[in-house]
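> next input, structure requested:
(one chain, ligands or ions: 1)
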Amino acid sequence: MSTPAYALLLRNGRLLKANAPEPIAADIAIADGKIAAIAPNLPGTAQLELDLEGKLVSPPFVESHVHLDSALTAGEPRWNESGTLFEGIEIWRDRKQDLTLEDVKQRAVETLKQQAMQGVLFVRSHADVSEANLVALQGLLDVREAVKDWMTLQVVAFPQDGIYGSPQNEGLIEEAMRLGADVIGGIPHYELTREDGVRSIHRIFELAQKYDRLIDIHCDEIDDDNSRFLEVVNACAIRSNYGSKVSASHTTAFGSYNNAYAYKLLGFLRRSQINFIVNPLINITLQGRLDSYPKRRGLTRVKELWQQGMNISLGHDCVQDCWYSLGTGNMLDVAFMLIHVSQMTGRSEMDACYNMVTWNGAKTLDVENQYGIEVGNPASLIVLDAIDRFDALRRRSTVRYVISKGNLLASTELPQMQWRA
Ligand code: FE2
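Numbering: from 1, shown residues only. You can find the predicted model right below:
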């Protein structure tokens, strides 16, 4: 019997599994872009063989919420000196006057490359569809096609100025569905009235069902404890039986609700099983700006939602733009910030935060059928300079290798520190 010949053999890895706290020792063989075999001491040869020296093998990171159309524009045409959401919206209104297809595509691809080199191979990006020419959407749809061999990109039609904020917006978001956006978005707390906000959510569900798309709504991203659109999203999800296809992004007001209301709502949320997307890097800086002291943290009730078994995944929201000039695309930075801001410092809680940038994100994006290191799945995985989840988070470990659909996409040398005293 001849020994099998593979395209790629990863020797001596420590393989992370979704429900096991400790990784297991394994070799991984890859052929024809798929995982061909997983076992310790696999027999066989390969065109390329890598000794992982006991490093951690993980499914790739999932970026559940980013705005690629505004990425890499920080300082254009001016910096956000107040740091507020509203100055950011004013600056973006000016910057987007200069938006062209090439401008959007160039910055989006550059950002996706930065993300991929840090182990992100699944991205959900919002595209502002409040402009009559839909240039941001068209640019990101073109990019989705251009990067599909190495990155799975989902595009959300996001009405930044509200579906009813101006007369043409309702038509524009439906046009975005026809053009092929994967997901329909919304921003009910930024509609002109509470009634418009509720109406916008009903319209989003109608369009999602008409075009068979996922839903991801910027929901209650405000410190106002009277902003209560999450209950409307949840009720629509229950009644339409659309639960796991729906995501509520931000929901920062949930952190300010009184406990009597919050715990009633938690019970209702269990019925729908919608997804929550949390953006701790940006919301710790944007929210609480009008507070004196004590200042709120600008975060939804992450720990309580997790304890209830709700699916939570994470995003940067912004990478170097007028709302958040920092950010590198590294999902370990996001999870690290979440651990601090949500006080999820128990060992199992920190492991859960790692799952939020991996498996939970795949559930949010509804890509579980192509995600995970299992024989027969597409060979997309990352190798981290870490021994387990906790180690990866504590040190925000370097991603040594990124393998996408069987191809070695990126590698990073480890920095060398030397004691010179
Ligand atoms: Fe956002």
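> least confident secondary structure element in this structure?
helix 85-95 (a mean of 90; mean pLDDT, DSSP states H and E).
> and the nearest residue to residue 31 once chain neighbours are set aside, what does it touch?
Nearest in space to residue 31, with sequence neighbours left out and distances taken as C-beta to C-beta, 6 or more residues apart in numbering, is residue 6 at 4.8 Å. For glycine as for every other residue, the C-beta is placed from the backbone atoms N, C-alpha and C. By C-beta atoms under 8 Å, 6 or more residues apart in numbering, the contact set of residue 6 is 29-31, 36-37, 44-47.
> any idea what residue 6 is bridged to?
When bridges are called by DSSP bridges, residue 6 pairs up with residue 46.
> what about it, distance to residue 59?
To residue 59, residue 6 is 19 Å away according to C-beta to C-beta, to the nearest Å.
> now stretch 383-390, how far from the chain's geometric center?
Centroid displacement of stretch 383-390 relative to its chain, using C-alpha atoms, centre = their mean, to the nearest Å, is 20 Å.
> stretch 126-133 now?
Using C-alpha atoms, centre = their mean, the distance between the centre of stretch 126-133 and that of its chain works out at 20 Å.
> over to stretch 396-404?
Distance, centroid of stretch 396-404 to centroid of chain: 17 Å (C-alpha atoms, centre = their mean).
> avg pLDDT for it?
When pLDDT is averaged along stretch 396-404, the result is 98.
> buried set for it?
397-404 (16 or more other C-beta atoms under 10 Å).
> likewise for stretch 27-36?
Buried-residue list, stretch 27-36, by 16+ other C-beta under 10 Å: 27-31, 33-36.
> could these go into CSV alongside distance to residue 341?
Formatted as CSV, the buried residues of stretch 27-36 follow (distance: C-beta to C-beta, whole Å):
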residue, distance to residue 341
27, 39
28, 35
29, 41
30, 38
31, 43
33, 39
34, 39
35, 36
36, 41
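> most widely separated two among those?
The span of the buried residues of stretch 27-36, defined through C-beta to C-beta, is set by 27 and 33 at 18.1 Å.
> show me what contacts the residue nearest the centre of the chain?
Among the residues of the chain, residue 64 comes closest to the average C-alpha position under C-alpha atoms, centre = their mean, at 1.5 Å. Counting by C-beta under 8 Å, 6+ apart, residue 64 touches 124, 247, 277, 313-315, 361, 364-365.
> recalculate using a threshold of 10 Å.
122-124, 154, 216, 247, 249, 275-279, 312-317, 331, 334, 356-357, 360-365 (C-beta atoms under 10 Å, 6 or more residues apart in numbering).
> list phi and psi for it.
Backbone torsions of residue 64, given as degrees, to the nearest 10, read phi -90, psi -10.
> give me the neighbour count for the spatially closest residue to it that is not a sequence neighbour.
Using C-beta to C-beta, 6+ apart and skipping the chain neighbours, the partner closest in space to residue 64 is residue 313 (4.1 Å). Neighbour count of residue 313, defined by other C-beta atoms under 10 Å: 28.
> swap in residue 197?
24.
> next: residue 392.
The burial count for residue 392: 25, using other C-beta under 10 Å.
> before we move on, what about residue 121?
26.
> contacts only, for it.
Residue 121 makes contact with 59-63, 112, 115, 150-153, 371, 378, 380-382, 402-405, 409 under the criterion C-beta under 10 Å, 6+ apart.
> which ones among these are found in strands?
Among the contacts of residue 121, the members falling in strands (DSSP state E) are 61-63, 152-153, 381-382, 402-404, 409.
> and the residues you listed, which is closest to residue 288?
For those, the closest approach to residue 288 (C-beta to C-beta) belongs to residue 63, at 24.7 Å.
> neighbours of the closest one, how many?
Around residue 63 there are 32 residues (other C-beta under 10 Å).
> any idea how far residue 116 is from it?
The gap separating residue 63 from residue 116 is 10 Å, by C-beta to C-beta.
> same deal with residue 98?
For residue 98 relative to residue 116 (C-beta to C-beta), the value is 27 Å.
> more crowded one of those two?
Set side by side, residue 98 and residue 116 show more neighbours around residue 116, with 23 against 10, by other C-beta under 10 Å.
> where's that one relative to residue 330, distance?
Distance, residue 116 to residue 330, by C-beta to C-beta: 12 Å.
> intersection of neighbour lists for residue 63 and residue 116?
By C-beta under 10 Å, 6+ apart, residue 63 and residue 116 have these common neighbours: 123, 151, 329.
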